[in-house]
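S.K.: Below is the structure, and that's it, no one-letter string:
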């Protein structure tokens, strides 16, 4: 018999997905404004407009929240590197000038 998938591996319901995005966006804003060391999970919950229980259910500690932000950023970076600049921009991009 197969084991149940871990909570982070299960697909999210639509409302849970929206809350997760609101939490991550709020964390990004607060970190950009105040710095990573100054941001608490309670501040993130307030900024996101979700209850503390909602935030702690998905992110039980700061490390899990920061890991999610890093994973998301890394995914966007990898995607950008794999796709490269748009075809019509190769010659206009100073990074690619010789």
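M.R.: It's in. These numbers come from a predicted model, not from an experiment. Numbering: from 1, shown residues only.

S.K.: what ranges do the helices span in this protein?
M.R.: 14-34, 41-48, 52-58, 62-83 (DSSP state H).

S.K.: weakest of those in terms of mean pLDDT?
M.R.: Mean pLDDT per stretch puts helix 62-83 lowest among these, at a mean of 89.

S.K.: Can you report how many residues lie near the residue nearest to residue 27 when sequence neighbours are not counted?
M.R.: In this structure, residue 27 finds its nearest non-sequential neighbour in residue 44, 4.9 Å apart by C-beta to C-beta, 6 or more residues apart in numbering. In short, each C-beta sits where N, CA and C put it, glycine included. Residues near residue 44, counting by other C-beta atoms under 10 Å, number 25.

S.K.: Same question for residue 46.
M.R.: 15.

S.K.: now swap in residue 29 and tell me
M.R.: Residue 29, neighbours per other C-beta under 10 Å, totals 14.

S.K.: Identify all contacting residues around stretch 46-65.
M.R.: Residues outside stretch 46-65 that contact it (C-beta atoms under 8 Å, 6 or more residues apart in numbering): 16, 19-20, 22-27, 29-30, 40-42, 44-45, 68.
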